[in-house]
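**Student:** dropping the sequence and predicted coords here.
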There are 2 protein chains.
Amino acid sequence: MTESGVYRSSGTNAPLPLPNVEQVELQAMLDWLSTYGADAQGGVTRLLYDAAWCEAQVALAAKMQEKGLSPEFDQSGNLYGTLKGEGEESATGAEELPVVTGSHIDSVVYGGKYDGAYGVVAGVLALEYLQKHFGAPKRTLQVVSLCEEEGSRFPFAYWGSRSITGITSLEDVEHLKDQDSVTFAQAISHAGFGPDSAYRPAAKNYGAFIELHIEQGQVLERLGHSIGVVSDIVGQKRFSITVSGEANHAGTTPMSWRKDALAGAAEMIAAVRGIALDAGEPLVATVGRITADPGVGNVVAARAVFSLDIRHIRQESIDRCWQDTLHAFSRIAAEQQLGLDWEEHLSVTPIPMNAEMISDIQDTCQQEQLSYWLMPSGAGHDSQIFQPACPTAMIFVPSQDGISHNPLEYTAEADLMHGFRVLVRLLYKYGYGS
Amino acid sequence: MTESGVYRSSGTNAPLPLPNVEQVELQAMLDWLSTYGADAQGGVTRLLYDAAWCEAQVALAAKMQEKGLSPEFDQSGNLYGTLKGEGEESATGAEELPVVTGSHIDSVVYGGKYDGAYGVVAGVLALEYLQKHFGAPKRTLQVVSLCEEEGSRFPFAYWGSRSITGITSLEDVEHLKDQDSVTFAQAISHAGFGPDSAYRPAAKNYGAFIELHIEQGQVLERLGHSIGVVSDIVGQKRFSITVSGEANHAGTTPMSWRKDALAGAAEMIAAVRGIALDAGEPLVATVGRITADPGVGNVVAARAVFSLDIRHIRQESIDRCWQDTLHAFSRIAAEQQLGLDWEEHLSVTPIPMNAEMISDIQDTCQQEQLSYWLMPSGAGHDSQIFQPACPTAMIFVPSQDGISHNPLEYTAEADLMHGFRVLVRLLYKYGYGS
C-alpha cells in the first residue's frame, strides 16, 4: 500500500501522467457539493426532487459544463456529463455504447457528504482530467449523477438506475407519497422533470457502468487495504416477525402460566445471532427494530414485532439461513405456546459484478501498487440494478470507523485519491485503450 | 365450593340471616358507580380529582347517607361512611379505634368497573345490611372510599392510604404534574379538597383494615376456589436496564465484529425467564417494555433499553433473583462486548397480612362452606400501606380470565356475593362479637 500523494506511472500499461493530490480538487468539490442540503446536524439532507436536490443537480450541470463535459438531464432528473468519443463506428456501423461512471446525488436524512457524492464528483474530475491530458477518447465516456438511490423521501429506492434501465416507469411510482402526502408525480413535476418536461426519456443503454463508492463498513480499514474490489452485491431478504401471546398482570400471573410474547421474541432474536455466527461469513442476519405491546413494564407482553434482515452473496445461503431461523422460531413459539407470523417485505437476489471488469480493477490496483481486497458489498447500490443490463463493477474506498448515513461519515483525502486513481486508469483503459 | 345464591347460617358462630343474591344490590350498585367515568372503550376512566371522580365521590356520599351511614370527606378527598358503635369505652376510657373496610374509587385509564369499586360498594352494602339486621354495632364500623390508588393521573400511587396513614403529606406531592401540566395542588384545590377546604385532615387511626378486591389474576379461577385469603402482598423491585453497543450497517458489518445492543438485550431477556422459572413460585420476573435505538431494520442497534419487574413475598428471594439476573446480564454483556447500566426505579418490601385476621377469614370461609386458597397478592394494594399501621387483611374473589385494568374486567355476580358474605361475617365478628 503506497501512502504517497504523488501518482506514479508504474506498471506496464498506459504511461499515465497522474496528478498530485494537490492538483485534483476532489476534497474541495465534495465540500462544495455538501453545501447543497447542508443540515442542522452538520450533515447533508438532499432528498429526491426537494429544493436542495434541485440546486445541487443544477449546480453540478454547470460544473460539468465548466469542466468541458456536455451536461444533459433526462426526464427522471438523472444528469449526464459526456466526453464524446471519436472512434465511434464499430465494425457493424453501430455506435459503441458509452462507458459510464457515477453514483447518486440524493442522501438519507442527516446523511454524510461522501455516500453517492464521491462517485459523482470523482467521475466529473476523472473525465476532466482525461480530456485535459489525452483529448477526446476513442469511446464515449460519461459521468452520471443519478437522481435517487436511498429511498429516503418516497418508499422506493434506486429510482435513478431503475428508470434508466427501464425496470421501472413513472407509472409504477407516480402515486407514491412522501411523509407530507406529496405524490411522486407532484414532486417530479415541481422539480421540472417528468414526461411533460423538455428532457428526453430516461431509458438508455450503457456499454459498461463503473461505480466508485465509500465502503460504508470497516473491512478495508480493519484489514488495512486501500481499495475494495467488489465481487458481488449481496442479496437480501427482509421480514417482519410477529409473536403473539397474552397480556397478563406482571404480579398476578405465575411464570408457568404466561404466554409472554416478548420473552419468546427475545429467545428468537438471540437464536438469530447464533444461527448467523454458525453460518459464517459473509452471512449477516440482523434484528434492528422491535416493539412490544402493550409495552408497559408491569404487563406481560401480548405481542412483539421485530425486523429480520438476512444477507449473503449466494441465494441458497440466504434461503438456508431463513429456513434455519424459521425452524428455530417455530420451535420457540411451540415451547412457549406463542403464535408466530411473518411477512416478507423484500427479497433481492445477489448480483455478482462483471468478472472481466473485476480483473481489470485488480490489475489496475497492482499497477498502482495499491493494496486491494476482493469483497462483497453488504449494502445495496445502483450497480446491482445496472449489472443485469450491462457489464458493471464497483470500487470501494475505506470508510473511517465504517460510519455512514451519518454526518460523521468520513474518508481521508488520501483514500479518496486512491479510488480516483483506479477510476482514472480504468476509464483510460476503456476509453482510450486499444 | 357452594354455588347457591342463597346464604345459609351454617357454622358455629353468629346465626346470621344472610340475604339472597336478589336482596343485595351489589351488581346494580357496581353498574351504577361505573356510569361515573364511563369511557368510549366501554370501561371506566376515573382519575384522581377529575370531573368523573368528583361526581362519583359525591354520588357515593349521597348513597352512604341514603344507606344510613354518616358520610364524611377528609382533606385528601377520602370518603368515609360510619356506623357508630355503642359500646365505645374501653377499659382505659379511650374510644376503641374503628374497624374499616373499603378500597379505592379511582381507576386506570380505560379500566374496569370492579377494581377498587367492588370493595367500596361491598363495604357500603355490608354496613347497611348489618345495621338493618342487627342495629348499631358495639365497635364503630366504617367504609372508606379511598381517593387514589392507581397512580394513573400523577406519578404517585396510594395517595389515599398514604395520606391517611401519614406516610405522605400534601407537601410531598403538591408539585407533581399530570400529563396536562396541572399540578397536584391545583387539582386537589379544583376538586374542593386540600388544606384550605372545610374538611378535617386525612390522618387518622384505624383499629383494623379489611380490603375486599378482585384477584386480577387467574389463580382462583384455574384452581376452582371462591375466595382468596391474602397471605402477603409481594415486594417489588423495578429496574430500567440499558445495553450499549455500536450502531453499524446491517449489510457491511460482519457478525463477529458487531456490538449489537439488541442481540445482547434479547439474550438477557431470555435469561430473565429462565432464572424466574428456576426460582419457582411465587417468584415472578417480567420484561414488558423494550426499545432499540436507532430502531431501524437495517442498522445494528446501538442501544436497547428494557424494563425489569421482580416480585416475591420474601425480600431475600427478590434480592437473590436480582443478583442472579445481574450476574447473567454482566456475563452476556462481557461476552458480547456490550455496555450495561441499570437504574432501580422502585423497591417495595413484601408485606405479610395480619395473621389473626387471616385465620378469621379462613374460619369464615369454612363456616360459609366456601372453597378458599391462601395466596399472595402479586399486585400492590392499599392494604400494604395500612398493614404497618394497623392489623390488615385482604379478601380476593376470582377475576374472569385474570383480566384487569381493562374494560373486559369481569367477576360473576355469584363470586361477588361470596366475597360479600365473607366480608359481612367478618365485620359482624369484629363489630358485634364479644
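**Tutor:** It's in. Numbers count the residues shown, from 1 in each chain, chains lettered A, B, ... in the order given.
**Student:** can you tell me which residues contact the residue of the stretch 51-200 of chain A found nearest chain B?
**Tutor:** Per Cβ to the nearest Cβ, A:Val108 is where the stretch 51-200 of chain A lies closest to chain B, at 10.3 Å. Backbone N, C-alpha and C define where each C-beta goes, glycine included. Applying Cβ atoms under 8 Å, 6 or more residues apart in numbering or on different chains to A:Val108 gives the contacts A:Thr45, A:Asp115, A:Glu150, A:Ser152, A:His405.
**Student:** ramachandran angles for A:Arg200?
**Tutor:** phi -80, psi 160 (degrees, to the nearest 10).
**Student:** tell me the contacts of it?
**Tutor:** So A:Arg200 contacts A:Asp74, A:Gln75 (Cβ under 8 Å, 6+ apart).
**Student:** distance between the ends of stretch A:164-175?
**Tutor:** Distance between the two ends of stretch A:164-175: 19 Å, counting by Cα to Cα, to the nearest Å.
**Student:** actually, stretch A:152-169.
**Tutor:** End-to-end distance for stretch A:152-169: 19 Å, by Cα to Cα.
**Student:** quick one: is it near chain B?
**Tutor:** No: Stretch A:152-169 is not in contact with chain B by Cβ under 8 Å from any Cβ of the partner chain; minimum separation 11.2 Å.
**Student:** does the residue of the stretch 51-200 of chain A closest to chain B sit in a helix, a strand or a coil?
**Tutor:** Classification of A:Val108 by DSSP: H, G, I helix; E, B strand; the rest coil places it in coil.
**Student:** in stretch A:301-316, what counts as buried?
**Tutor:** A:301-314 (16 or more other Cβ atoms under 10 Å in any protein chain shown).
**Student:** got it, and stretch A:341-357?
**Tutor:** Buried-residue list, stretch A:341-357, by 16+ other Cβ under 10 Å: A:Val348, A:Pro350, A:Ile351, A:Pro352, A:Met353, A:Asn354, A:Met357.
**Student:** now those in TSV, with pLDDT?
**Tutor:** Formatted as TSV, those follow (pLDDT from 0 to 100):
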residue	pLDDT
A:Val348	91
A:Pro350	97
A:Ile351	97
A:Pro352	97
A:Met353	98
A:Asn354	98
A:Met357	98
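**Student:** helix/strand/coil for the nearest residue to A:Ser404 once chain neighbours are set aside?
**Tutor:** Of all residues not flanking A:Ser404 in the chain, A:Gln216 sits nearest, at 3.8 Å (Cβ to Cβ, 6 or more residues apart in numbering or on different chains). At A:Gln216 the chain is in coil, as set by three-state DSSP.
**Student:** ok, A:Gln216 - contacts?
**Tutor:** Contacts of A:Gln216 (Cβ under 8 Å, 6+ apart): A:Asp115, A:Ala379, A:Ser399, A:Gly402, A:Ser404, A:His405, B:His249, B:Gly251, B:Thr252.
**Student:** can you rerun that using 10 Å?
**Tutor:** A:112, A:114-115, A:377-379, A:381, A:396, A:399, A:402-405, A:409, B:248-249, B:251-253 (Cβ atoms under 10 Å, 6 or more residues apart in numbering or on different chains).
**Student:** same question for A:Pro98.
**Tutor:** A:80, A:82-85, A:88, A:137, A:139-142, A:144, A:204-209, A:430-431 are the contacts of A:Pro98 under Cβ under 10 Å, 6+ apart.
**Student:** just those residues that are near chain B?
**Tutor:** Checked against chain B using Cβ under 10 Å from any Cβ of the partner chain, the contacts of A:Pro98 yield no neighbours at all.
**Student:** of those residues, grab the buried ones for PyMOL.
**Tutor:** The buried residues among the contacts of A:Pro98 can be selected in PyMOL (16+ other Cβ under 10 Å) with this line:
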select buried, chain A and resi 80+82+83+85+137+139+140+141+142+144+204+206+207+208+209+430+431
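**Student:** show me the contacts of A:Pro98 that map onto strands.
**Tutor:** Counting by DSSP state E, the part of the contacts of A:Pro98 found in strands is A:Tyr80, A:Thr82, A:Leu83, A:Leu141, A:Gln142, A:Val144, A:Ala208, A:Phe209.
**Student:** related to what we said a few turns ago, mind listing which of the contacts of A:Gln216 are in strands?
**Tutor:** A:Ser377, A:Phe396, B:Asn248, B:His249.
**Student:** can you pull out the residues in contact with the lowest-mean-pLDDT helix or strand in chain A?
**Tutor:** Within chain A, no helix or strand scores below strand A:248-249, which has a mean of 89 by mean pLDDT, DSSP states H and E. Outside strand A:248-249, the residues that touch it by Cβ under 10 Å, 6+ apart are A:254, A:257-260, A:298-302, B:215-218, B:284, B:286, B:288, B:378-379, B:399, B:401-405.
**Student:** if you set the cut-off to 7 Å instead, what comes out?
**Tutor:** For strand A:248-249, contacts defined as Cβ atoms under 7 Å, 6 or more residues apart in numbering or on different chains pick out A:Arg258, A:Val299, A:Val300, B:Gln216, B:Gly217, B:Gly378, B:Ala379, B:Gly402, B:Ser404.
**Student:** pretty sure A:Ser130 is touching A:Tyr430, no?
**Tutor:** For the record, residue A:130 is Leu, not Ser. No: with contact defined as Cβ atoms under 7 Å, A:Leu130 and A:Tyr430 do not form a contacting pair (10.6 Å).
**Student:** contacting residues for A:Phe209?
**Tutor:** Residues in contact with A:Phe209 (Cβ under 7 Å, 6+ apart) are A:Val100, A:Ser383, A:Phe386, A:Cys390, A:Thr392.
**Student:** give me that answer again for 8 Å
**Tutor:** Neighbouring residues of A:Phe209 by Cβ under 8 Å, 6+ apart: A:Val100, A:Thr101, A:Asp382, A:Ser383, A:Phe386, A:Gln387, A:Cys390, A:Pro391, A:Thr392, A:Ala393.
**Student:** what is the nearest of those residues to chain B?
**Tutor:** So of those, ranked by how close each gets to chain B (Cβ to the nearest Cβ), first place is A:Ser383, at 13.8 Å.
**Student:** per-residue pLDDT, the closest one?
**Tutor:** Note on A:Ser383: pLDDT of 97.
**Student:** could you check how far it is from A:Thr325?
**Tutor:** Here A:Ser383 is placed at a distance of 28 Å from A:Thr325 (Cβ to Cβ, to the nearest Å).
**Student:** SS state for A:Asp129?
**Tutor:** One correction, residue A:129 is Tyr, not Asp. helix.
**Student:** ok, it touching A:Arg425?
**Tutor:** No: using Cβ atoms under 8 Å, A:Tyr129 is not in contact with A:Arg425, being 11.0 Å away.
**Student:** comparing these two, which residue is more hemmed in?
**Tutor:** Per other Cβ atoms under 10 Å in any protein chain shown, whichever of A:Tyr129 and A:Arg425 has more neighbours is A:Arg425, with 25 against 22.
**Student:** A:Asp324 belongs to a helix?
**Tutor:** Yes: the assignment for A:Asp324 by three-state DSSP puts it in a helix.
**Student:** show me what contacts it?
**Tutor:** By Cβ under 8 Å, 6+ apart, the neighbours of A:Asp324 are A:Ile275, A:Ala279.
**Student:** let's see that with 10 Å instead.
**Tutor:** By Cβ under 10 Å, 6+ apart, the residues touching A:Asp324 are A:Ala271, A:Val272, A:Gly274, A:Ile275, A:Ala276, A:Asp278, A:Ala279, A:Ala285.
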